[in-house]
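**Student:** What shape does this take:
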Amino acid sequence: MARSTPLATSPETLVRLLGVSKTYAQPDGYDIRVLEDITLDFHPGEFIALLGPSGSGKSTLLRIVTGLQEPSYGTVLYRGRPVTGPNLKAAMVFQSFALYPWLTVAQNVELGLAAKGVPPAVRHERMARLVELIGLDGYEDAFPKELSGGMRQRVGFARALAVEPELLCMDEPFSALDFLTAENLRSELLDLWLDQKIPTQSILMVTHGIEEAVFMADRIVILSKNPARVVADLPVPLPHPRNRKAPEFTQLVDQVYKVVTGWDETPEARQEEARAEAAGERPRLKPLPAGHLSMLTGLLELVADRGGRDDLYHLGSELLLEVDDLLPVTDTAELFHLATVEEGDLILTDLGRRFCEAESPERHAIIRAQLLQIPIFRLILRVLESKANRSMVKEFFNDILEEHFSVKDSEIQLRTAIYWGRYADLFHYDPDTETLYLPEPDPGSEEPASPA
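**Tutor:** Next up, the predicted model:
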């Protein structure tokens, strides 16, 4: 069925973000900044996708827009008025369904209406209409445990729409569903939006899928990471229905992919690094990309077989990988100087070609040489070599990392460092005692060169 044209975008501003920043205080006094100076306007009639790497603050920004979280700095305006608490004109659809298991479908859908004091008869009438509209007719008395994942998410949509929000916010609403269910639900939601069967004035969706953003949205806002900044604000001029195989569609996906894969090379990031260095501030550890080395090896070999260069978007599509899956691997390849990303293409360096042609021992040696240039690994080796027993508990390094990252991110960073260090034979790790250690030196062998 052909879909109608979406609501014309109004010059009126629905949501205005002015210099919004968000920091989280750490025990050592060093704050972790998640969002940095976000300034954006959202208008009625727009379907906006927020896109960016994992951990780039997309969900935090969504919660700030809806008033569920306060910014540390900056202002959020809704129709010109400051947002100082939960925005009653907005509703949220969560990734994890977030249904009350002890309530039926009907009771879950009516929950927001009951909280707003809507009379029972009106609640029931609106629930019945939405249940039919969203494809839940006949399941009113079912409990969430009786429903499939797709059906539970339909309940989440119906509950959000029941309060007739002007702004519908969605936090990766399709990511927990299987492929076919997600595709069906995307199309059905678009039909409701484009045919104006729901009263919603604007939709703001967090996603990590580039194709999903181009398929659904009228506008794509791309965020960087550590902290999040707006690096691109792109219109999507394609009419609905959108054909994923059309040249215009793939060209736009490729364009977005190039922006996303180049997030860490933004002028703002380089300027901030130069400013901190000039001010003599204590250097901050840069986060390690959580790239799996076996995936890195396979990806580089695949590119090597194709002449040493391949398009990242096409690689992701071929391997059924979303950008969040592929970015940590390509970032790892760049960190190890095995490849570069230029104009959305992954290009092997001379070292990368040598890595692909080498046997396993030489590959480990190449990675070891690269790790010795990374501050966190130099730190780990200095500590281990300075100890009489050549060992140190994992918690010690965790405490150091928490001066630079959040508690959760510190754990992820250390897990990655241990994995890479063991692969490169820089050190060993005992999971029973959670201890990193160096083996006793073999008189007949050479140890890795000590870091300066």
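**Student:** what helix or strand is the nearest residue to Gly150 once chain neighbours are set aside on?
**Tutor:** Using Cβ to Cβ, 6 or more residues apart in numbering and skipping the chain neighbours, the partner closest in space to Gly150 is Thr181 (3.7 Å). To be clear about C-beta, it is placed using only N, CA and C from the backbone, and glycine gets the same treatment. Per DSSP states H and E: Thr181 is located in helix 179-194.
**Student:** Please export the C-alpha coordinates of that helix as CSV.
**Tutor:** Extracted C-alpha coordinates of helix 179-194, given in CSV (Å, rounded to 0.1, in the frame of the first residue of the first chain):
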residue,chain,number,x,y,z
PHE,A,179,14.7,-9.5,12.1
LEU,A,180,11.3,-10.2,10.6
THR,A,181,9.3,-9.0,13.6
ALA,A,182,11.3,-5.8,13.7
GLU,A,183,10.8,-5.2,10.0
ASN,A,184,7.0,-5.6,10.3
LEU,A,185,6.8,-3.3,13.3
ARG,A,186,8.9,-0.6,11.6
SER,A,187,6.6,-0.6,8.6
GLU,A,188,3.4,-0.6,10.7
LEU,A,189,4.6,2.3,12.9
LEU,A,190,5.5,4.2,9.7
ASP,A,191,2.1,3.6,8.3
LEU,A,192,0.5,5.0,11.5
TRP,A,193,2.7,8.0,11.4
LEU,A,194,2.5,8.8,7.7
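**Student:** still on that earlier bit, contacting residues around the residue nearest to Gly150?
**Tutor:** Ser148, Gly149, Gly150 (Cβ atoms under 8 Å, 6 or more residues apart in numbering).
**Student:** Out of those, which is nearest to Ala365?
**Tutor:** Gly149 (45.8 Å; Cβ to Cβ).
**Student:** Counting neighbours, what do you get for the closest one?
**Tutor:** 13 (other Cβ atoms under 10 Å).
**Student:** Same question for the one 3 residues further on.
**Tutor:** Other residues near Arg152 come to 20 when the count uses other Cβ under 10 Å.
**Student:** these two touch, right, it and Tyr100?
**Tutor:** No. Counting by Cβ atoms under 8 Å, Arg152 does not reach Tyr100; the two are 11.4 Å apart.
**Student:** so what sits against both of the two?
**Tutor:** Joint contacts of Arg152 and Tyr100 (Cβ under 8 Å, 6+ apart) are Pro144.
**Student:** hmm, back to that, from the contacts of Thr181, which single one is nearest Cys356?
**Tutor:** Proximity of those to Cys356 (Cβ to Cβ) peaks at Gly149, which lies at 39.9 Å.
**Student:** What confidence value was assigned to the closest one?
**Tutor:** Per-residue pLDDT puts Gly149 at 82.
**Student:** which residues touch it?
**Tutor:** Going by Cβ under 8 Å, 6+ apart, the list of residues near Gly149 reads Phe97, Ala176, Leu177, Asp178, Thr181.
**Student:** With adjacent residues omitted, what lies nearest to Thr75?
**Tutor:** Leu18 (4.5 Å).
**Student:** and that neighbour, how many residues sit next to it?
**Tutor:** 15.
**Student:** Likewise for Val341?
**Tutor:** Neighbour tally, Val341, other Cβ under 10 Å: 20.
**Student:** Likewise for Asp430?
**Tutor:** 12.
**Student:** hang on, isn't it packed against Arg422?
**Tutor:** No. Assessed by Cβ under 8 Å, Asp430 is found out of contact with Arg422, at 10.9 Å.
**Student:** Quickly list what Ser21 is bridged to.
**Tutor:** Judged by DSSP bridges, the bridge partners of Ser21 are Tyr73.
**Student:** how about low-confidence regions in the stretch 351-452 of the chain?
**Tutor:** Low-confidence segments of the stretch 351-452 of the chain (pLDDT under 70): 441-452.
**Student:** At which residues are the helices of it located?
**Tutor:** For the stretch 351-452 of the chain, the helices defined by DSSP state H, counting those that start in this stretch occupy 360-371, 375-386, 394-401, 407-423.
**Student:** and Leu62, which of those is closest to it?
**Tutor:** Judging the helices of the stretch 351-452 of the chain by Cβ to Cβ, what sits closest to Leu62 is helix 407-423, at 18.4 Å.
**Student:** Run a quick neighbour tally on Glu125.
**Tutor:** Residues near Glu125, counting by other Cβ under 10 Å, number 12.
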